[in-house]
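S.K.: got a predicted structure plus its sequence, pasted below:
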Amino acid sequence: MAFSNSSSYTTGLMDGLERVEEVCLKFPPKVSSPGLAAMLWGKETNGNIMEFSGPRLHLQMVVTFVLTQAIHSMLKYLGLPMFISQILAGIILGPMVFKDHHSLITTSEDSIAVLGTVASFGYMFFLFLSGVKMDVSMTYKSGRKPVYIGFLTVVVPLIFCLMTDKVLHSEGDFFTNKRFFLAVTYSGTSFPVIHCLLSELKILNSELGRLGLSAALIGDIVSLVLMNISRWVKIGLEKGKDAVLFDSGLAIGFFLAVVFVLRPVMKWMVRRTPEGGRIKDVHLYSVILAFMMSPKATEIFRIFLLFGPFILGLAVPDGPPMGSALVEKLDPVISGLFLPLFATTCGMRIDLSYLRNFNAFAKDQAIATVVTLIVKFGVSLVLPLLFKMPTRDSLALAFIMITKGIVEMGNYSFLNDTQFISEDIFAFMTIIIILVASIVPILVKSLYDPSRKYVCYQKRSIMHSKLNEELRMIGCIHVPGNVNSIINMLNASCPTRESPIALDVLHLVKLSGRATPLFIAHQKHRKTLSNKSYSENVVLAFNQFERDNWEAVSVNVFTAVSPPNLMYEDICNLAMDQLTSFIILPFHRRWYIDGSTESEDQTIRSLNCDIQERAPCSVGILVEGRRHLKCSNSRDTLSPDNSSSYNIAVIFLGGKDDREALALAIRISQDKSVSLTVIHLKAAKSLGAILAETDRMLDDEMLKDINESVYVTYIEEQVNDGPETSTFLRSIVDDYQLIIVGRRYNREDPQTFGLQEWSEFQEIGIIGDLLSSTDFGGNYSVLIVQQQQQRTV
């Protein structure tokens, strides 16, 4: 598959290896056809439509994607990634099935050149974006464990590979006969491939995922350095010291120009962008223009063609505003169109018939490849075990570190096109890549389940917390408006020195323009993994809240920068580490004062559902009303004789979620400035027998304590069905500023009969959905509580 339509070209690999090709071109070139109808029924007789490069390329792309999706629709049930389907589609469309020019894809040499050029352009864009997403500073901030794993999983397999080569073929030099360079490609680690694997398995945010990413980053950098060293040593052995000094000087000059010229310029562009604003289009397009020029720069500076876009991507400041803008603009079309096309064209190169004529050198390389893979797996397994990691996690990490994918396939395709490796070696390496890429995701998924650590055998709920003990809570923040919502609710709970609250605030930020998730602890004398101020206003607001409630509230603020579909990992991990009893989540919908919808985010809703399913403690979803809770921060000076500042109601039907809601309300009512009303909705005509006997006994016990309390107003109301419940609640809700209800998921009692089909959001339950609807006015806040779910592995 040709990557250029020129008569000759230089790859920049090794010593500027050239391959001269003679291509017959017709002028003027046929690009756009007059149209299928004109060619079939009109006067146009100038050939058929497949002679025009434009419609031919479109048809090739359509056939490629249709075949890929058809294959993946079957293979996805086996747990195989899309990459395998793309390669198999290429094999079907390649020379293994269609010989000569019978294939739609390989109709002519010009057809191959155009398709290959478009696909290769996409691959270079992919390498550029991979560099943009990488944060090189993580190499010295990630700790010893990933450094050891990343470095040794490249160097030790490389040594064993060279030893195997020496045993099999004692003649010749490692560098002059390409063995060292090939050994580096066998033992190397690819950060983009491992990142794609972890993203597909949805473990990017997990402890294992973070370790794998950090180790992959170290391994990728070590691999790049070793490739350049092997090239320079080969040049020195063949051409002398002056040649290697010249070539290495050019490569170092390119690197210095990128680091000390281009990167400062891009940082200047970032500084010119207002905080939270979008970067100027002229700055963005200038970076893209620099990328377009990078292949020519690699030829001038005599470095490997693929290194230029990647190194330039590393120079781009990751994250917002520049890195995220580049990724948001380019990644959809590159990952969705050009990169799958490139993977398919790589598959078209595969012809296993060359394995019939395996020469001695190819056999030696095949053995060395297998030995390297086994040693790399062993090193990746032993090192985590030495760091006291569990065996299953160590096995999963070992498989992650040996995974292969689009980067390895692309590298060997380029080496094959430049005749650096023979067709038989290329065929064998593609078999290894396909096998490893197929098996690794299945094995990692079976070995590692991050949710199993959330299975709690301890009771972590408000009911099981003592009134005079510190209540540990997590408050989640997505947008600035959530800050006031959390603070207002906590102010309404009136924390005191006798009943304090330990609040961990977690600011959740969407991961954009970078590959590595971040978890930042905004605490004094604590080293963080990022010097970026993602949450400055959040920190200031909650520090002020802590000062206003001195000795009654202690606040720690954290920031999690991660993909939205994996944010539940950060929340659940923090809850496990901090022994949290209650998590407060903001509702995904917010309203204006007139009742119209201000914002609605379905990703937040999905996150809330994930937390309710996986959380190791109790969870509450806060639906903010159109009238904010008013409060005074000087509550410690209030005397028992003062009138109530807050009117809070608990809607009680029965069950564990309602008991958890009541427990929270009882804890709040310990402060004399809170007026608590418990509204017990009972089913008329003795229909309440639907509750289990155990639940009824626990309910009666809690309600008995409520009846005996002189500080709590108890109201008992009998209703026949859901409409009566709705009518009664509508008549009393405006008397309260905060209403606490239980979620009661998948439970429909006589009190709620007929309301289920009108419920819009299952995550807040029937009563919570009813109270949050616009029909009720919404001049109050609603807290929907779910007690800790006891799950088993």
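M.R.: Here it is on my side, so go on.

S.K.: ok, longest helix in the chain?
M.R.: Longest helix in the chain, counting residues (DSSP state H): helix 207-239.

S.K.: now do the next helix or strand after that helix: everything it contacts.
M.R.: Downstream of helix 207-239, the next assigned helix or strand under DSSP states H and E is helix 241-257. Residues from elsewhere that reach helix 241-257 (C-beta atoms under 8 Å, 6 or more residues apart in numbering): 228, 231-233, 235-236, 297-298, 300-303, 308, 311. Just so you know, the C-beta spots here come from the backbone N, C-alpha and C atoms, and that holds for glycine as well.

S.K.: report the buried residues of the longest helix of the chain.
M.R.: Neighbour-count burial for helix 207-239 flags 208-224, 226-228, 230-236 (criterion: 16 or more other C-beta atoms under 10 Å).

S.K.: likewise for stretch 362-382?
M.R.: Using 16+ other C-beta under 10 Å as the test for burial, stretch 362-382 gives 362, 364-366, 368-369, 371-373, 375-381.

S.K.: check which helix or strand residue 771 maps to.
M.R.: For residue 771, the element it lies in under DSSP H and E is helix 765-772.

S.K.: then residue 326?
M.R.: Secondary structure from DSSP H and E places residue 326 in helix 322-333.

S.K.: buried sites along that helix?
M.R.: Buried residues in helix 322-333 (16+ other C-beta under 10 Å): 322-327, 330-331.

S.K.: the longest helix of the chain to helix 241-257, inter-axis angle?
M.R.: Taking axes from the mean of the first three to the mean of the last three C-alpha atoms, to 10 degrees, one finds that helix 207-239 is oriented at 140 degrees with respect to helix 241-257.

S.K.: who does the helix or strand harbouring residue 585 pair up with?
M.R.: Taking DSSP H and E as the criterion, residue 585 maps to strand 582-586. Strand 582-586 has its sheet partners listed here by DSSP bridges as strand 471-477 (parallel), strand 618-623 (parallel).

S.K.: ok, residues contacting it?
M.R.: For strand 582-586, contacts defined as C-beta under 8 Å, 6+ apart pick out 461-462, 471-478, 482, 485-486, 489, 571, 575, 604, 607-608, 611, 615, 617-622, 624, 664, 783.

S.K.: selection in PyMOL covering whichever of those residues are buried, please.
M.R.: Provided next is the PyMOL selection string for whichever of those are buried by 16+ other C-beta under 10 Å:
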select buried, resi 461+462+471+472+473+474+475+476+477+478+482+485+486+489+571+575+604+607+608+611+615+617+618+619+620+621+622+624+664+783
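
S.K.: any regions of the stretch 101-250 of the chain where pLDDT drops low?
M.R.: Low-confidence segments of the stretch 101-250 of the chain (pLDDT under 70): 101-111, 170-177.

S.K.: got the contact list for residue 187?
M.R.: By C-beta under 8 Å, 6+ apart, the contact set of residue 187 is 154-155, 157-158, 161, 223, 372, 376.

S.K.: let's have these in JSON lines, adding secondary structure.
M.R.: Shown next, in JSON lines, are those (DSSP: H, G, I helix; E, B strand; the rest coil):
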{"residue": "154", "secondary structure": "helix"}
{"residue": "155", "secondary structure": "helix"}
{"residue": "157", "secondary structure": "helix"}
{"residue": "158", "secondary structure": "helix"}
{"residue": "161", "secondary structure": "helix"}
{"residue": "223", "secondary structure": "helix"}
{"residue": "372", "secondary structure": "helix"}
{"residue": "376", "secondary structure": "helix"}
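
S.K.: show me what the helix holding residue 326 is packed against.
M.R.: With contacts taken as 3 or more C-beta pairs under 8 Å, 6 or more residues apart in numbering; DSSP states H and E, helix 322-333 sits against helix 109-133, helix 263-271, helix 281-300.

S.K.: and the contacts of the helix or strand that that helix is followed by?
M.R.: Using DSSP H and E, the helix or strand that follows helix 322-333 towards the C-terminus is helix 339-349. Helix 339-349 has contacts (C-beta under 8 Å, 6+ apart) with 1, 61, 64-65, 68, 82-83, 86-91, 93-95, 105-106, 115-116, 118-120, 122-123, 126, 406, 409-410, 413, 416, 426, 430.

S.K.: which ones are touching residue 309?
M.R.: Residues near residue 309 by C-beta under 8 Å, 6+ apart: 124-125, 127-128, 131, 291, 294-295.

S.K.: that one is in what secondary structure piece?
M.R.: helix 307-315.

S.K.: now that helix, how far from the centre of its chain.
M.R.: Centroid separation for helix 307-315 versus its chain: 22 Å, with C-alpha atoms, centre = their mean, to the nearest Å.

S.K.: and what of stretch 427-443?
M.R.: For stretch 427-443, the distance to the chain centre is 23 Å (C-alpha atoms, centre = their mean).

S.K.: could we number from 57 for the rest of this?
M.R.: OK, 57 is where the count begins now, so the last one is stretch 483-499.

S.K.: could you export the helix holding residue 382 as PDB, keeping only the C-alpha atoms?
M.R.: The C-alpha trace of helix 378-389 is given here as PDB (Å, rounded to 0.1, in the frame of the first residue of the first chain):
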ATOM      1  CA  MET A 378      -5.400  24.900  23.600                       C
ATOM      2  CA  GLY A 379      -5.100  21.100  24.100                       C
ATOM      3  CA  SER A 380      -8.800  20.700  24.700                       C
ATOM      4  CA  ALA A 381      -9.700  22.800  21.700                       C
ATOM      5  CA  LEU A 382      -7.500  20.800  19.400                       C
ATOM      6  CA  VAL A 383      -8.900  17.500  20.700                       C
ATOM      7  CA  GLU A 384     -12.500  18.700  20.500                       C
ATOM      8  CA  LYS A 385     -12.100  19.900  16.900                       C
ATOM      9  CA  LEU A 386      -9.900  17.100  15.500                       C
ATOM     10  CA  ASP A 387     -10.500  14.000  17.500                       C
ATOM     11  CA  PRO A 388     -14.000  13.200  16.300                       C
ATOM     12  CA  VAL A 389     -13.000  13.100  12.600                       C
END
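
S.K.: hmm, back to that, which of the buried residues of stretch 418-438 sit farthest apart?
M.R.: For those, the farthest-apart pair by C-beta to C-beta is 418 and 437; their separation is 29.0 Å.

S.K.: grab the nearest non-local neighbour of residue 817.
M.R.: Computed as C-beta to C-beta, 6 or more residues apart in numbering, the closest residue to residue 817 that is not its neighbour in sequence is residue 825, at 5.3 Å.

S.K.: pretty sure that neighbour contacts residue 812?
M.R.: No - assessed by C-beta atoms under 8 Å, residue 825 is found out of contact with residue 812, at 9.6 Å.

S.K.: who's more crowded, these two?
M.R.: residue 825 (21 against 14; other C-beta atoms under 10 Å).

S.K.: report the contact partners of the more buried one.
M.R.: 815-818 are the contacts of residue 825 under C-beta under 8 Å, 6+ apart.

S.K.: and the residue lying closest to residue 666 once chain neighbours are set aside, how many neighbours does it have?
M.R.: Distances taken as C-beta to C-beta, 6+ apart place residue 624 nearest to residue 666, at 4.1 Å, with adjacent residues excluded. Residue 624: 26 surrounding residues under other C-beta under 10 Å.

S.K.: and residue 624, that's in a helix?
M.R.: Yes - counting by three-state DSSP, residue 624 is located in a helix.

S.K.: got the confidence number for it?
M.R.: On the pLDDT scale, residue 624 is placed at 89.

S.K.: can you check residue 459 too?
M.R.: 93.

S.K.: swap in residue 90?
M.R.: 60.

S.K.: since that was my last question, I'll sign off now.
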